[in-house]
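S.K.: requesting a structural model of the entry that follows:
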Amino acid sequence: MSASELQKLNSLPPLRGQERIAALEQLTGVVVQDNDSSDKATIIASIVILGLTFVFMVYTWLNRNYRPIRAKSVILCTMMYIASVLWIVGDFQMNGVVRIEGAWKGCRVWVVWVRILCSYVFSGLLMLRFLALDRIFNRGKPYSGKAVYIPAGLLVVLYLAYCLTCQLVPESDITEYINFYQICNVNNTFRYANIGLMWIPWTVSLVLAFRLRNIQSSFNERYETMVILALAYMLLIKTTTVHATHPYYIFRKSYRQAETLIDVISSNVIIWIMLGYPVYQCLFHRKEYERLWVKKLRLDGQTSKYTTADAILGSVDNTALSDLADYYQKEPLDTARILSQNSNTLTTNFITQPPHSYRAPNVEFSILDPSFDASDSRYARRIL
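M.R.: Numbers count the residues shown, from 1 in each chain. Next up, the predicted model:
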């Protein structure tokens with residue numbers, strides 16, 4: 001539809017009822033099914049799913065200091081949840097589940113700044129987590145400072161540049177509200193360019209996930225990652241196929257409702273997969289699973305990497321000396337290692353002579369655990 005035709009249509013009074021449906025069927029060549037109670041049911045079902053995930057996230061936050069949960073990055077998963085909520089709200093408008101009237105008429109805002117941007121943010125956050133784990137476990141480098149801010153900042157710049165570009169070009173080149181038909185007309189070039197861009201972050205995540213397949217078992221998320229990427233590629237294939245074969249899918253109830261429900265279910269299931277197992281164990285086998293998890297961590301030789309990964313992915317500062325007293329009761333060896341990383345002085349007696357005392361500013365610990373064998377070089381390496 002040309003710009004002159006759109007301008008002419010916008011100058012006409014809007015069509016109503018069956019007259020509107022007949023005109024849309026003549027325009028698109030498909031049977032048009034208007035919004036009804038089944039669309040409202042789709043919205044309600046979506047809200048229920050998002051609500052269940054909200055309760056799940058609240059429980060996760062209340063238990064965020066539980067070490068198996070903390071290692072999964074609660075902050076990142078929370079950001080993914082917020083992105084998924086906005087993504088689905090944008091879906092309501094873009095998929096035509098709601099009537100395009102009132103505030104929903106702002107096509108460019110809902111399509112670009114809400115639906116598309118938030119779906120990109122969702123996939124980008126997951127990609128950043130894979131990137132962090134790859135840097136720590138495959139490349140053996142700390143994920144802090146520039147390593148954190150440069151990839152995240154680059155994503156922010158790219159996303160904002162994309163959205164601002166869409167905002168500055170004419171509406172007819174992106175998406176425009178047609179008052180005569182009361183619909184949002186999406187430019188086909190924009191449609192297919194956006195679908196192509198959607199594949200990029202998930203393809204990068206696939207490559208990073210492949211690189212992470214052989215990391216130590218305590219941090220190996222092979223099966224979770226396989227399911228997450230399977231869901232992601234199902235979404236990509238579904239979206240690409242529907243937009244390519246049924247560009248007027250929003251006028252068919254089964255298509256627009258399935259599009260919306262698949263998006264909300266898949267995005268929320270991904271979050272549940274990331275956090276579900278440690279949350280389940282926290283709920284039903286809290287102490288037993290934590291002991292088993294720490295033991296497994298030690299057997300894998302990943303104690304130090306847990307603290308590093310936790311600091312950059314879970315945002316809990318284990319290096320704060322004032323917080324170590326309680327932690328020492330559970331993990332004396334890891335406490336010693338943490339302290340050794342936060343002081344320039346480590347007494348010889350700490351490693352070689354019992355009782356193994358360590359003094360840092362305003363803090364004193366004595367390792368009195370009879371099972372601690374100072375002559376075992378493995379413990380010295382773990383501490384240092």
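S.K.: quote the end-to-end distance of stretch 170-188.
M.R.: Chord length of stretch 170-188, first to last residue, is 14 Å (CA to CA, to the nearest Å).
S.K.: off-centre distance for it?
M.R.: Its chain's average C-alpha position is 30 Å from that of stretch 170-188, according to CA atoms, centre = their mean, to the nearest Å.
S.K.: buried stuff in that stretch?
M.R.: By 16 or more other CB atoms under 10 Å, the buried positions in stretch 170-188 come out as 171, 174-187. Using the backbone N, CA and C atoms, a C-beta is placed for each residue, glycine as well.
S.K.: pick the one among those closest to Val111.
M.R.: Nearest to Val111 among the buried residues of stretch 170-188 is Thr175, at 4.9 Å by CB to CB.
S.K.: tell me what that closest one is bridged to.
M.R.: The bridge-partner assignment for Thr175, based on DSSP bridges, gives Val186.
S.K.: from Asp36, how far off is it?
M.R.: Here the criterion is CB to CB, to the nearest Å. By it, Thr175 lies 24 Å from Asp36.
S.K.: kindly report the same for Cys282.
M.R.: According to CB to CB, Cys282 stands 43 Å off from Asp36.
S.K.: more neighbours, those two?
M.R.: Just comparing Cys282 and Asp36: by other CB atoms under 10 Å the higher neighbour count belongs to Cys282, 21 against 9.
S.K.: which strands and helices sit next to the host helix or strand of that one?
M.R.: Per DSSP states H and E, Cys282 falls inside helix 253-284. Applying 3 or more CB pairs under 8 Å, 6 or more residues apart in numbering; DSSP states H and E, one finds that helix 253-284 makes contact with helix 37-62, helix 67-70, helix 74-94, helix 222-245, helix 286-300.
S.K.: check which helices and strands the longest one sits against.
M.R.: Helices and strands touching helix 37-62, by 3+ CB pairs under 8 Å, 6+ apart, are helix 74-94, helix 253-284.
S.K.: export those to JSON lines and tack on mean pLDDT?
M.R.: Listed next are the helices and strands packed on helix 37-62 as JSON lines, based on pLDDT from 0 to 100:
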{"stretch": "helix 74-94", "mean pLDDT": "96"}
{"stretch": "helix 253-284", "mean pLDDT": "95"}
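S.K.: those helices: which one's closest to Leu158?
M.R.: The closest of these to Leu158 is helix 74-94. By CB to CB, the value is 15.4 Å.
S.K.: got the angle for the closest one vs helix 37-62?
M.R.: 170 degrees (axes from the mean of the first three to the mean of the last three CA atoms, to 10 degrees).
S.K.: which intervals of this structure have sub-threshold pLDDT?
M.R.: 1-5, 216-220, 299-384 (pLDDT under 70).
S.K.: find the centremost residue of the chain, please.
M.R.: Met80 (3.4 Å; CA atoms, centre = their mean).
S.K.: tell me the contacts of the residue nearest to that one when sequence neighbours are not counted?
M.R.: Spatial nearest neighbour of Met80, chain neighbours left out: Leu125 (5.1 Å); criterion: CB to CB, 6 or more residues apart in numbering. Residues near Leu125 by CB atoms under 8 Å, 6 or more residues apart in numbering: 76, 79-80, 83.
S.K.: what do you get if the cut-off is 10 Å, keeping everything else the same?
M.R.: Residues near Leu125 by CB atoms under 10 Å, 6 or more residues apart in numbering: 73, 75-80, 82-83, 152, 155, 201.
S.K.: as CSV, these with distance to Thr239 would be great.
M.R.: Listed next are the contacts of Leu125 as CSV, based on distance: CB to CB, whole Å:
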residue, distance to Thr239
Ser73, 27
Ile75, 28
Leu76, 24
Cys77, 23
Thr78, 25
Met79, 22
Met80, 18
Ile82, 21
Ala83, 16
Ala152, 25
Leu155, 21
Pro201, 14
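S.K.: buried members of these into PyMOL, please.
M.R.: To isolate the buried ones among the contacts of Leu125 in PyMOL, judged by 16+ other CB under 10 Å, type:
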select buried, resi 73+76+77+78+79+80+83+155+201
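S.K.: out of the contacts of Leu125, which one sits closest to Arg64?
M.R.: Ile75 (8.7 Å).
S.K.: and the gap between that closest one and Val114?
M.R.: In this view, Ile75 and Val114 are 22 Å apart by CB to CB.
S.K.: kindly report the same for Gln18.
M.R.: Taken as CB to CB, the span from Gln18 to Val114 is 31 Å.
S.K.: which of those two has more neighbours?
M.R.: Remark: of Gln18 and Val114, Val114 carries more neighbours, 20 against 9, as counted by other CB under 10 Å.
S.K.: ok, the closest residue in space to Gly106 that isn't next to it in sequence - contacts?
M.R.: Once flanking residues are discounted, Gly106 sits nearest to Tyr177: 7.7 Å by CB to CB, 6+ apart. Contact analysis of Tyr177 by CB under 10 Å, 6+ apart lists 6, 10, 100-101, 104-108, 171, 183-185.
S.K.: which among these gets closest to Thr165?
M.R.: Nearest member of the contacts of Tyr177 to Thr165, counting by CB to CB, is Arg108, at 11.8 Å.
S.K.: am I right that that closest one is in a helix?
M.R.: Yes: counting by DSSP: H, G, I helix; E, B strand; the rest coil, Arg108 is located in a helix.
S.K.: correct me if wrong: it contacts Thr165.
M.R.: No: Arg108 is beyond contact range of Thr165, at 11.8 Å (criterion: CB atoms under 10 Å).
S.K.: return every residue with contacts to both of those two.
M.R.: Ile174.
S.K.: those two: which is more packed in?
M.R.: When neighbours are counted by other CB under 10 Å, Arg108 comes out ahead of the other of Arg108 and Thr165, with 17 against 11.
S.K.: sweet, I'm off.
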